[in-house]
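Asks: Predicted model, plus sequence, below.
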Amino acid sequence: MKKVLAVALGALLLTGCTVRVADLTVASTKNYNLNGGKFYKGKRVTAEDSYAVILFPTGIPNVKTAADRAIEKDRCAVGLTDVVVTQLNHAFIFGKIGLRVEGNLVIDRSLPGCENAS
């Protein structure tokens, strides 16, 4: 009986949940005019904003922070396309919670030094 209880408790502590929160065509956290410029679809990037859980979460995840981190992976990027926002909950007593943003970079080749950006 103790082995069954230990296995059940171990399985409960190792479980987690990932939920798709949103699908967006275009997203940007930067103040930028998307009506002009020489835009190019860049590589697919992923970024997270997550916090540890030790009985209680040590912070509150934010979509803007995760999106900023994704956009800032390329200095010529001004936004994301084909965006998927996912909520992460991999904690019971210990673990982590967070938000993940994944999308294709929108590269603006009209920015200084970005003429040949890919």
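Replies: It's in.

Asks: does the residue nearest to residue 98 when sequence neighbours are not counted sit in a helix or strand, and which one?
Replies: Excluding the flanking residues, the one nearest residue 98 by C-beta to C-beta, 6 or more residues apart in numbering is residue 50, at 2.6 Å. For every residue, glycine as well, the C-beta is placed using N, CA and C. Of the helices and strands defined by DSSP states H and E, residue 50 is found in strand 39-54.

Asks: Who are the packing partners of that strand?
Replies: Identification of packing neighbours for strand 39-54 by 3 or more C-beta pairs under 8 Å, 6 or more residues apart in numbering; DSSP states H and E yields helix 63-71, strand 77-91, strand 94-108.

Asks: Low-confidence ranges, the protein, go.
Replies: 5-16, 37, 117-118 (pLDDT under 70).

Asks: repeat that with 50
Replies: The chain contains no residues with pLDDT under 50.

Asks: What about the closest residue to residue 76 other than its chain neighbours? Give its phi and psi, please.
Replies: Nearest residue to residue 76 in three dimensions, chain neighbours excluded: residue 114, at 3.6 Å (C-beta to C-beta, 6+ apart). Here is the backbone geometry of residue 114 (degrees, to the nearest 10): phi -120, psi 20.

Asks: pretty sure residue 114 contacts residue 107?
Replies: Yes: the criterion here is C-beta atoms under 8 Å, and residue 114 meets it with residue 107 at 6.8 Å.

Asks: which neighbours do the two share?
Replies: Overlap of the contact sets of residue 114 and residue 107 (by C-beta atoms under 8 Å, 6 or more residues apart in numbering) consists of residue 76.
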